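S.K.: Provide a 3D model corresponding to the input given below.
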Amino acid sequence: MADATKIEWTDATWNPITGCAVVSPGCTNCYAMKLAGTRLKNHPSRKGLTKDTKAGPVWTGEVRLNRQWLDQPLRWTSPRMIFVCAHGDLFAAGVDQVWIDHVFAVMALAPQHTFQVLTKRPERMREYMLGMSSRRSFIAGYGALVRGGNLPDHYETAYEALAKPLPNVWLGVSVEDQKRADERIPILLDTPAAIRWISAEPLLGPLDLTCIHQPNAGSGPWWFDALTTDRMGWFHDEAATKPTDEDPLAFSGYSRLDWVVAGGESGPGARPMNPDWARSLRDQCAAAGVPFLFKQWGEWAPQVGAVDGWTIPDDPEISRRDHRDWEDDRWGDPYRPMWCDDLDDDTVSRVGKRYAGRLLDGIEHNGFPEVRR
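M.R.: I've put the predicted structure just below:
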């Protein structure tokens with residue numbers, strides 16, 4: 001864990017649970033997995049969580065509760081945005097439900113912070129959130145113990161806070177391509193949450209968020225209308241999402257994404273990102289009025305020439321690469337035309353994260369949803 005981080009969309013990381021498993025292409029070059037199998041391989045919080053392979057360290061699927069770090073956010077008094085389980089997944093299959101309860105108890109008692117939860121297992125996250133009302137007493141009781149004894153005021157504070165989705169907890173899913181978006185986003189939209197968001201990093205394919213099927217939408221999806229953003233997949237109806245009296249966390253009707261983060265891949269073996277994929281997400285968010293944050297280009301920068309004032313040499317270490325030569329013309333998507341025939345625009349150069357930066361068409365995008373306390 002760290003009370004400071006270089007991650008552009010958060011202030012601190014909190015790792016009460018470490019360990020994970022590879023579930024989709026976005027996991028291939030996971031920085032947390034590589035770190036757990038190299039520099040931190042003998043650290044008590046990471047030891048044994050990866051195995052060595054020809055491709056490098058790979059998660060074993062084992063997960064670990066780090067009790068010594070559970071109360072860390074309660075000791076941070078000034079408000080922070082905190083990335084929860086940056087080196088694992090809070091809703092991974094091996095994570096005991098009681099561990100998740102402990103994490104939510106701490107988040108309920110730290111309203112000064114904003115907790116950013118990201119998962120590739122939205123089914124379990126939805127199941128947990130829909131069942132939270134039946135576990136409020138246990139979660140609140142644990143919160144009181146963490147706060148220093150079974151004090152009624154701490155118990156009541158947590159119990160009342162958990163009557164509805166915590167306003168300081170943002171629930172999100174990782175979606176690296178359209179397949180994962182189609183699978184995970186509808187489940188996220190059917191999950192009780194104050195803020196719902198996606199991280200499209202590493203972005204490995206084009207994403208059309210305007211035709212994501214809405215849960216409980218009846219006959220089919222809402223389609224994007226560039227002129228009226230209330231008839232699309234991110235439509236939000238406060239009345240439709242009003243909790244029922246029987247279960248304050250249950251809801252039906254339409255919901256929406258509140259935040260989109262996107263970025264390219266960095267590190268050894270990083271796969272290049274088509275610049276138009278990032279532009280498309282930026283434009284979709286602008287049309288829908290949804291905050292957009294462009295995190296980074298990663299290893300590969302668009303076009304050949306000067307990047308941040310540094311001239312790219314034409315040599316084998318930093319070379320031109322035509323996207324159409326990558327993975328058997330995967331850009332030939334019938335739903336999306338070839339992005340450009342101009343060589344300079346149809347080429348990216350591997351310059352490294354430092355030089356590639358995070359300017360998208362000369363602009364730094366730092367959109368955030370409204371912080372709720």
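
S.K.: R80 touches T114, doesn't it?
M.R.: Yes: taking contacts as CB atoms under 8 Å, R80 lies within contact range of T114: 7.4 Å. For the C-beta atoms, the positions are set from N, CA and C on the backbone; glycine is no exception.

S.K.: who has more neighbours out of those two?
M.R.: Neighbours were tallied for R80 and for T114 using other CB atoms under 10 Å; the higher tally belongs to T114 (24 against 19).

S.K.: check what pLDDT the more buried one gets.
M.R.: What the model reports as pLDDT for T114 is 97.

S.K.: what helix or strand is E156 on?
M.R.: helix 152-161 (DSSP states H and E).

S.K.: what are the contacting residues of that helix?
M.R.: With CB atoms under 8 Å, 6 or more residues apart in numbering as the test, helix 152-161 has contacts from 105, 108-109, 111, 136-137, 139-141, 143-144, 147-148.

S.K.: flag every buried residue along that helix.
M.R.: H154, Y155, T157, A158, Y159, A161 (16 or more other CB atoms under 10 Å).

S.K.: what's the first helix or strand after it?
M.R.: Next element after helix 152-161 (DSSP H and E): strand 169-174.

S.K.: tell me the mean pLDDT for whatever helix or strand comes next after that next one?
M.R.: Note on strand 169-174: by DSSP H and E, the next helix or strand toward the C-terminus is helix 178-189. The average pLDDT within helix 178-189 is 94.

S.K.: can you check stretch 79-96 too?
M.R.: The average of the pLDDT scores along stretch 79-96 is 97.

S.K.: span of that stretch from start to end?
M.R.: This stretch, stretch 79-96, spans 28 Å end to end (CA to CA, to the nearest Å).

S.K.: with stretch 70-81 instead?
M.R.: In stretch 70-81, first residue to last residue: 16 Å (CA to CA).

S.K.: would you mark the buried spots in it?
M.R.: In stretch 70-81, the ones that count as buried by 16+ other CB under 10 Å are L70, D71, Q72, P73, L74, W76, R80, M81.

S.K.: as TSV, those residues with secondary structure and distance to L35 would be great.
M.R.: Shown next, in TSV, are the buried residues of stretch 70-81 (DSSP: H, G, I helix; E, B strand; the rest coil; distance: CB to CB, whole Å):
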residue	secondary structure	distance to L35
L70	coil	21
D71	coil	24
Q72	helix	19
P73	helix	22
L74	helix	26
W76	coil	23
R80	coil	22
M81	strand	21
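
S.K.: I'd like those laid out as a markdown table, including distance to P275.
M.R.: Converted to a markdown table, those look like this (distance: CB to CB, whole Å):
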| residue | distance to P275 |
| --- | --- |
| L70 | 42 |
| D71 | 43 |
| Q72 | 38 |
| P73 | 37 |
| L74 | 43 |
| W76 | 38 |
| R80 | 32 |
| M81 | 28 |
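
S.K.: kindly indicate which of these lies nearest L171.
M.R.: Set against L171, the nearest of the buried residues of stretch 70-81 by CB to CB is M81 (14.2 Å).

S.K.: the closest one pairs with what?
M.R.: Going by DSSP bridges, M81 is paired in beta bridges with T114.

S.K.: quick check on the contacts of helix 152-161: which are buried?
M.R.: Among the contacts of helix 152-161, those buried by neighbour count (16+ other CB under 10 Å) are A105, A108, L109, R136, I139, A140, G141, G143, A144, R147.

S.K.: in helices only, show me the residues you listed.
M.R.: A105, A108, R136, I139, A140, G141, G143, A144 (DSSP state H).

S.K.: please render the residues you listed as JSON lines that adds pLDDT to the earlier fields.
M.R.: Converted to JSON lines, those look like this (pLDDT from 0 to 100):
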{"residue": "A105", "pLDDT": "95"}
{"residue": "A108", "pLDDT": "95"}
{"residue": "R136", "pLDDT": "94"}
{"residue": "I139", "pLDDT": "94"}
{"residue": "A140", "pLDDT": "92"}
{"residue": "G141", "pLDDT": "90"}
{"residue": "G143", "pLDDT": "87"}
{"residue": "A144", "pLDDT": "85"}
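
S.K.: which of those sit farthest apart?
M.R.: Of all pairs in these, the most separated under CB to CB is R136 and A144 at 12.4 Å.

S.K.: is it possible to get TSV of the ones in helices among the buried ones among the contacts of helix 152-161 that adds distance to A287?
M.R.: Formatted as TSV, these follow (distance: CB to CB, whole Å):
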residue	distance to A287
A105	39
A108	36
R136	39
I139	39
A140	42
G141	46
G143	41
A144	46
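
S.K.: perfect, I'm done here.
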